[in-house]
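S.K.: Predicted model, plus sequence, below.
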Amino acid sequence: MEHAIYLRSAIDKRRRIITMAKVVKVIELMSQSSKSWEDAAQGAVNEASKTLRNIRSIYIKEFTAEVDNGKVSNYRINAKVTFDLERGA
């Protein structure tokens, strides 16, 4: 599993800029569709959304296709999905 750290700026009460680290989680998924690579990407997001909240982005790492009788029969992707981690109370 991978973690990514993004920096964001916030302004405190005295109007000074403060830099805060934001930690996100990155998971890798594979998906396929008989329609298109875009449909495979949407399928990955739809499936991840069933168990993850706060999905922020999808990065398509690899595109492949299955070929049957000279025609593309399945579009496949290997993707990284990024989501925000929730802070405990």
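M.R.: Yes, it's here.
S.K.: Name the spans of the protein whose pLDDT lies under the cut-off.
M.R.: Scanning the chain for pLDDT under 70 picks out the ranges 1-21, 88-89.
S.K.: rerun at 90
M.R.: Applying pLDDT under 90 to the chain picks out residues 1-24, 85-89.
S.K.: which residues of this protein fall in strands?
M.R.: Assigned by DSSP state E, the chain shows strands spanning 2-11, 17-33, 55-68, 71-84.
S.K.: Would you mark the buried spots in the third one?
M.R.: Within strand 55-68, the residues that qualify as buried by neighbour count (16 or more other Cβ atoms under 10 Å) are I58. Bear in mind the C-beta positions are built from the backbone N, C-alpha and C, glycine included.
S.K.: helices or strands up against that strand?
M.R.: Strand 55-68 sits against strand 17-33, helix 37-49, strand 71-84, with contacts defined as 3 or more Cβ pairs under 8 Å, 6 or more residues apart in numbering; DSSP states H and E.
S.K.: Single out the most deeply packed of the strands of the chain.
M.R.: With neighbours taken as mean count of other Cβ atoms under 10 Å, these reach their highest mean count in strand 71-84, at a mean of 16.
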